[in-house]
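In: Coordinates only, no sequence provided:
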C-alpha cells in the first residue's frame, strides 16, 4: 500500500517472524549464539524465555536456517497437556507416522528413530515453542525423552522456548529432575532505548530505504509506547507508514505517531498491548 510511496521493496515491519529481518541486538545475538553453540556441543536441554513479542520465534527461525544438513530439527508450536498427544506432534514434526500407535509404541519408535539418526551421524534437536502452555505432568514426562542416549552421548537435544511463566513453572519442586538437566538458560528482554532507532533503521534498509523516514521525535514516541518490544514497534511503525501515506507526508513525525497512538488507543485494543509492554 505504502511501499511505492516510500520506495520500499516490501513492508519492513511485518508481524510475521521473518529471520531475514532479524535485528541482532546484543541480547538477541547472545541468545542466538547460545542456541547455535548448544546444538554444536550437544547440550541436553536449553531453556529460552522472554516477554511476548521480544523475538523468540524469529530467533528459532534463524536457528533453523543456520544449522548444518546433518541436524534434524523438529519444531512444535502447539503444545498439549497430554504426553501422548505431545508425542504425536513430535512424530509430525519429524515426518513420522503416529497413527494407530499407543503411547508406549510411540515412545519406543521415537527412541529407535533418534538412535538410528545418531548412528547415521545426524543430530536430533526437538524445539518446543510456547512451552509455558504445557502442563507440569507433560513437562515432567519430557524427562523420559532426555534419557535417550547412545554410546554415552546425548542423542536427543531439547530446546524449550516460552514466555516468562515457563521459568515459574520450571521452578516447581516436581520438576527438579528435569531442571537439573537444563544445561543452559537465557531470558530475552526488550530492546534498550538507543537500540530502537537502530532496529527501525535496520528494517527500513533491508526493505530498500536508506533514508531516515522516522524523525527523532517519532522514534521517541515509539520507544515510549513500546518500551522496546519489537512486535509493538512493528505495529506502530507499520501503522505510521500507512498514516503517512494517507497524509502524503514524506517523513514520519511525532505528530503522525501521536495520531496513530490515539487512534489505536481509542479502539481499546492497543491499550492492552501497551500495558503488556510496560
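Out: Sure, I can see it. As the structure is a prediction and not an experimental result, all values here were calculated from the model. Numbering: from 1, shown residues only.
In: Residue 93 reaches residue 125, doesn't it?
Out: No. Judged on Cβ atoms under 8 Å, residue 93 makes no contact with residue 125 at a distance of 10.4 Å. All C-beta atoms are positioned from the backbone trio N, CA, C, and that covers glycine.
In: For these two, list the residues in contact with both.
Out: Residues within reach of residue 93 and of residue 125 at once, by Cβ atoms under 8 Å, 6 or more residues apart in numbering, are residue 74.
In: The two: which is more packed in?
Out: Legend: neighbour count by other Cβ atoms under 10 Å for residue 93 and residue 125, higher for residue 125 (22 against 17).
In: Specify the beta-bridge partners of the more buried one.
Out: According to DSSP bridges, the partner residues bridging residue 125 are residue 73, residue 157.
In: tell me which element the residue nearest to residue 249 when sequence neighbours are not counted falls in.
Out: Excluding its sequence neighbours, the residue lying closest to residue 249 (Cβ to Cβ, 6 or more residues apart in numbering) is residue 256, at 6.7 Å. In the assignment (DSSP states H and E), residue 256 maps to helix 254-267.
In: Quick one: residues in contact with that helix.
Out: Contacts for helix 254-267 (Cβ under 8 Å, 6+ apart): 215, 217-218, 220-222, 225, 235-236, 239-240, 243-244, 247, 249, 270-271, 274.
In: can you map out the strands along the stretch 1-150 of the chain?
Out: Using DSSP state E, counting those that start in this stretch, the strands of the stretch 1-150 of the chain run over 45-50, 71-76, 123-128, 149-150.
In: how about those strands in JSON lines, adding distance to residue 207?
Out: What follows is these, written out as JSON lines (distance: least, Cβ to Cβ, whole Å):
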{"stretch": "strand 45-50", "distance to residue 207": "25"}
{"stretch": "strand 71-76", "distance to residue 207": "27"}
{"stretch": "strand 123-128", "distance to residue 207": "28"}
{"stretch": "strand 149-150", "distance to residue 207": "46"}
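In: of all these, which lies closest to residue 189?
Out: Shortest distance between residue 189 and those, using Cβ to Cβ, is found for strand 45-50: 6.9 Å.
In: got the contact list for the closest one?
Out: 31, 34-35, 38, 56, 59, 146, 157-164, 166-167, 170, 178, 181-189.
In: Check stretch 147-158 too.
Out: 38-39, 42-46, 111, 114-115, 117-119, 123-128, 142, 145-146.
In: Please repeat the previous calculation with a cut-off of 7 Å.
Out: By Cβ atoms under 7 Å, 6 or more residues apart in numbering, the residues outside stretch 147-158 that reach it are 38-39, 42-45, 111, 114-115, 118, 123-126, 128, 142, 145-146.
In: Tell me which of the strands of the stretch 1-150 of the chain lies nearest to residue 10.
Out: Nearest to residue 10 among the strands of the stretch 1-150 of the chain is strand 71-76 (24.6 Å), distances taken as Cβ to Cβ.
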